[in-house]
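K.L.:
My questions are about this predicted structure, shown below with the sequence.
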Amino acid sequence: MTTSITEKSQDEPRGSTAGHEKNDSQSDAPTLHEPDQDGVDRTPGDGTPKDEEQEWVVGWKLASLMISITLAAFLMLLDMSIIVTAIPQITSDFHSLQDIGWYGSSYNLASAALQPLSGKLYTYFNTRWLFLGFLFLFELGCLICGVAQNSITLIMGRTVAGIGSSGIQNGALTMIAASVPLHKRPALVGILMAGAQLGLVIGPLLGGAFTEYTTWRWCFYINLPIGAVCTALILFVHVPDRRVRTNDTPRQIITSKLDLTGFVLFAPFTVMFLLALQWGGIDYDWDSATIIGLFCGGGALFAIFMYWEYRVGDGAMIPIPVIRTRQVWTACLTQLFLFSTVIVASYYMPIYFQSIKEATPFESGPAAAAISSGILAQKVGYYLPFATTSAVLSAIANGLLSTMGPHTKTVTWAGYQILAGFSRGLGMQMSIIAVQAHTSPEMTSVATAVLVFSQTFGGAIFVSIANVIFNNKLHDELVSRLPNLDADTIIDAGASGVRKVVSTKDLPEALMSYSNAVNATFYLAVAASCVMFFTSFGIGWKDIRKKAPARAGDA
């Protein structure tokens with residue numbers, strides 16, 4: 001029997017503290033539990049589903065909430081991708097070519113390092129106001145970037161925006177979990193993820209348009225009015241308060257319940273590991289003392305962090321009982337590999353189009369599939385079939401993308417892209433639903449934060465691996481096909497500049513080299529999809545549809 005949100009069973013299992021008794025500040029730490037077999041939490045001794053006892057958001061208020069958080073998630077991924085096409089002009093204006101790597105990494109590092117802590121914050125503080133606080137920081141960072149007069153200020157703004165973004169997606173998912181019962185969440189999460197992915201897709205297009213026709217500063221200014229709309233809409237909605245109840249003051253919560261020691265260990269581990277991935281093979285050789293030192297230092301901090309989390313138990317920033325739950329850790333891995341295929345495609349499809357087709361790609365598949373699969377999962381009741389189907393279709397689609405070349409017809413590559421986008425959208429929210437279906441309401445934000453971090457961290461890892469594969473393959477192809485030309489000169493010209501440094505006679509071989517290099521990155525996406533297929537089976541076969549209340553006398 002599970003407990004209600006406001007009550008704890010005396011025999012409920014607790015996380016291990018390795019022989020150490022918990023202090024008073026940890027005595028009311030939230031614990032993990034799995035809902036009843038039918039997917040509906042019930043109060044002790046009562047057959048009434050808790051869904052009927054709790055307050056839910058409906059009607060225009062739910063619509064207002066969804067518009068607000070979807071726009072916020074859209075802005076988060078838009079800001080991540082829009083700067084890509086603006087960077088050349090920014091470095092030219094600021095004469096800061098040496099800082100080019102920091103324009104993207106400062107945002108990603110800050111966001112990834114704080115994501116688990118944001119989950120802990122949502123556990124103890126009001127969800128709506130905390131979400132607005134993260135959104136304010138994000139908007140402040142965008143404003144700083146927009147008015148920046150030098151490279152250092154721009155990097156500072158990107159860092160502040162990254163801190164704000166660390167709690168946006170987790171907060172949006174937490175508010176959905178607090179506002180509607182489990183059986184209604186798949187469609188809403190699908191809408192949220194579709195809106196977010198749209199930002200990732202159109203970001204480079206908007207960035208290029210702003211840079212060419214106005215100024216790159218509008219890449220950041222555009223977030224301000226949309227952020228104001230988000231704030232106005234959410235202020236009209238009362239989001240049910242599902243946070244853990246405690247008599248502690250906010251200061252006591254911060255000092256005794258947020259596991260700041262764990263955060264101090266986790267944040268530098270994340271930064272060191274991601275810096276090693278970003279710098280390796282580009283700024284430093286992989287076997288250089290800098291890269292080896294970052295990996296070793298990050299690994300040591302991670303080991304200490306895991307020991308500390310085990311020792312703290314349920315009060316940890318990432319409680320061990322959460323990541324020990326099969327449905328949670330397999331969902332995290334599934335999301336990691338799924339998002340990796342998204343990132344690889346978003347990075348290397350533009351290279352294929354810019355270098356070979358002299359065009360710009362646009363995908364509409366993910367958004368439509370994310371919404372439709374959410375609605376279907378809500379009707380069917382099971383999320384596992386959509387996750388496994390997503391993995392199968394993703395492997396097929398990326399395999400087809402790896403066959404493209406300079407002479408591939410438009411209808412062919414368009415069909416491949418639609419299939420790839422549909423496959424990703426099909427499974428985009430299934431891991432999220434799985435995590436929420438197998439954790440208690442008070443642990444939802446923590447488990448969701450771990451999931452969001454997994455997708456961010458996995459994306460960073462696979463982008464680094466894909467970059468190594470692409471650069472090595474491109475160099476080898478150019479040396480083999482054009483031995484009389486300097487391969488490094490062609491590579492330095494970039495995807496859009498290859499036609500400027502290669503003669504008409506040699507251009508076909510150069511384009512074939514680019515094509516084969518891009519194709520090699522899709523082999524990585526195929527591998528990720530195959531692994532995702534196996535991890536998806538662990539997320540559980542659970543019916544999330546609403547069950548009728550048990551009647552008196554039923555056996």
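P.N.:
Happy to help now that I have it.
K.L.:
any low-confidence regions in this structure?
P.N.:
1-54, 97-98, 101, 354-383, 494-496, 542-555 (pLDDT under 70).
K.L.:
and the gap between Tyr284 and Val271?
P.N.:
Counting by C-beta to C-beta, to the nearest Å, the gap from Tyr284 to Val271 is 16 Å. The way it works is simple: take the backbone N, C-alpha and C, and place the C-beta from them, glycine included.
K.L.:
Settle it for me: which of those two has more neighbours?
P.N.:
More neighbours surround Val271 than the other of Tyr284 and Val271, with 18 against 15 (other C-beta atoms under 10 Å).
K.L.:
any idea what sits nearest the more buried one, other than its immediate chain neighbours?
P.N.:
The shortest distance from Val271 to any non-neighbouring residue, by C-beta to C-beta, 6 or more residues apart in numbering, is to Leu109 (5.2 Å).
K.L.:
got the buried residues for the helix or strand hosting that neighbour?
P.N.:
Leu109 is part of helix 100-124, with elements assigned from DSSP states H and E. For helix 100-124, burial by neighbour count (16 or more other C-beta atoms under 10 Å) applies to 102-124.
K.L.:
same thing with stretch 406-426?
P.N.:
Residues of stretch 406-426 classed as buried: 408, 413, 416-426 (neighbour count, 16+ other C-beta under 10 Å).
K.L.:
Show me what the lengthiest helix in the chain is packed up against.
P.N.:
With secondary structure taken from DSSP state H, the chain has its longest helix at helix 444-481. Packing contacts for helix 444-481, counted by 3 or more C-beta pairs under 8 Å, 6 or more residues apart in numbering; DSSP states H and E, involve helix 100-124, helix 168-179, helix 260-279, helix 320-324, helix 326-352, helix 430-437, helix 487-492, helix 507-536.
K.L.:
could the ones you listed be laid out in JSON lines, adding distance to Lys61?
P.N.:
Shown next, in JSON lines, are the helices and strands packed on helix 444-481 (distance: least, C-beta to C-beta, whole Å):
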{"stretch": "helix 100-124", "distance to Lys61": "20"}
{"stretch": "helix 168-179", "distance to Lys61": "9"}
{"stretch": "helix 260-279", "distance to Lys61": "34"}
{"stretch": "helix 320-324", "distance to Lys61": "31"}
{"stretch": "helix 326-352", "distance to Lys61": "29"}
{"stretch": "helix 430-437", "distance to Lys61": "21"}
{"stretch": "helix 487-492", "distance to Lys61": "54"}
{"stretch": "helix 507-536", "distance to Lys61": "34"}
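K.L.:
how about these, which one is nearest Ile82?
P.N.:
For Ile82, the closest of the helices and strands packed on helix 444-481 is helix 100-124, at 10.9 Å, according to C-beta to C-beta.
K.L.:
Run the chain-centre distance for that closest one.
P.N.:
Computed by C-alpha atoms, centre = their mean, to the nearest Å, the separation of helix 100-124 from the middle of its chain amounts to 11 Å.
K.L.:
Okay, buried residues for stretch 206-217 please.
P.N.:
Quick answer for stretch 206-217 (16+ other C-beta under 10 Å): 206-208, 210-211, 216-217.
K.L.:
re earlier: starting from the helix holding Leu109, tell me the next helix or strand along the chain.
P.N.:
Next along from helix 100-124, by DSSP H and E: helix 127-147.
K.L.:
quick one: the next helix or strand after that following helix to helix 100-124, angle?
P.N.:
Under the assignment DSSP H and E, the closest C-terminal helix or strand after helix 127-147 is helix 151-165. Relative orientation of helix 151-165 versus helix 100-124 (axes from the mean of the first three to the mean of the last three C-alpha atoms, to 10 degrees): 30 degrees.
K.L.:
Now for Val201, how many residues are close by?
P.N.:
Neighbours of Val201 using other C-beta under 10 Å come to 22.
K.L.:
So it is in contact with Met349, correct?
P.N.:
No. Val201 is beyond contact range of Met349, at 10.1 Å (criterion: C-beta atoms under 8 Å).
K.L.:
As a markdown table, the buried residues of stretch 406-426 with distance to Gly280 and secondary structure would be great.
P.N.:
Conversion of the buried residues of stretch 406-426 to a markdown table gives the following (distance: C-beta to C-beta, whole Å; DSSP: H, G, I helix; E, B strand; the rest coil):
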| residue | distance to Gly280 | secondary structure |
| --- | --- | --- |
| Thr408 | 32 | coil |
| Trp413 | 31 | helix |
| Tyr416 | 31 | helix |
| Gln417 | 30 | helix |
| Ile418 | 34 | helix |
| Leu419 | 33 | helix |
| Ala420 | 28 | helix |
| Gly421 | 30 | helix |
| Phe422 | 34 | helix |
| Ser423 | 30 | helix |
| Arg424 | 27 | helix |
| Gly425 | 32 | helix |
| Leu426 | 33 | helix |
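K.L.:
what's Phe236 sitting at in phi/psi?
P.N.:
Phe236 adopts backbone torsions of phi -80, psi -10, taken as degrees, to the nearest 10.
K.L.:
so which strand or helix has the nearest residue to it once chain neighbours are set aside?
P.N.:
Residue nearest to Phe236 in three dimensions, not counting chain neighbours: Ser64, with 5.5 Å by C-beta to C-beta, 6+ apart. Using DSSP H and E, the element containing Ser64 is helix 59-82.
K.L.:
same for that helix, what does it pack against?
P.N.:
Under the contact rule (3+ C-beta pairs under 8 Å, 6+ apart), helix 59-82 is packed against helix 100-124, helix 127-147, helix 151-165, helix 168-179, helix 185-213, helix 223-235.
K.L.:
Go again with 10 Å.
P.N.:
helix 100-124, helix 127-147, helix 151-165, helix 168-179, helix 185-213, helix 218-221, helix 223-235, helix 326-352 (3 or more C-beta pairs under 10 Å, 6 or more residues apart in numbering; DSSP states H and E).
K.L.:
contacting residues around the helix or strand just after that helix?
P.N.:
Counting by DSSP H and E, the element after helix 59-82 in chain order, helix or strand, is helix 87-94. Helix 87-94 is contacted by residues 83, 96-101, 103-104, 145, 148-154, 207-208, 210-212, 215-217, 219, 494, 496 when judged by C-beta atoms under 10 Å, 6 or more residues apart in numbering.
K.L.:
Gly313 - how many residues pack around it?
P.N.:
20.
K.L.:
let me fix that: Cys296
P.N.:
12.
K.L.:
From Thr388, how far out is Ile254?
P.N.:
Ile254 sits 42 Å away from Thr388, going by C-beta to C-beta.
K.L.:
okay, these two: which has more neighbours?
P.N.:
It is Thr388, of Ile254 and Thr388, that has more neighbours when counted by other C-beta under 10 Å, with 21 against 15.
K.L.:
what's the nearest residue to the more buried one if we skip its chain neighbours?
P.N.:
Using C-beta to C-beta, 6+ apart, the nearest residue to Thr388 is Ser536, at 5.0 Å.
K.L.:
now Leu206
P.N.:
Per C-beta to C-beta, 6+ apart, closest to Leu206 is Ile82, 5.5 Å.
K.L.:
Measure how buried that neighbour is and give me the count.
P.N.:
28.
K.L.:
For Ile222, see how far away it is.
P.N.:
For Ile82, the distance to Ile222 - C-beta to C-beta - is 8 Å.
K.L.:
okay, and the common contacts of the two?
P.N.:
Counting by C-beta under 10 Å, 6+ apart, the residues touching both Ile82 and Ile222 are 75, 206-207, 210.
K.L.:
Quick check: of these, which lies closest to Ile318?
P.N.:
Closest to Ile318, out of all of the shared contacts of Ile82 and Ile222 and judged by C-beta to C-beta, is Leu75, at 26.7 Å.
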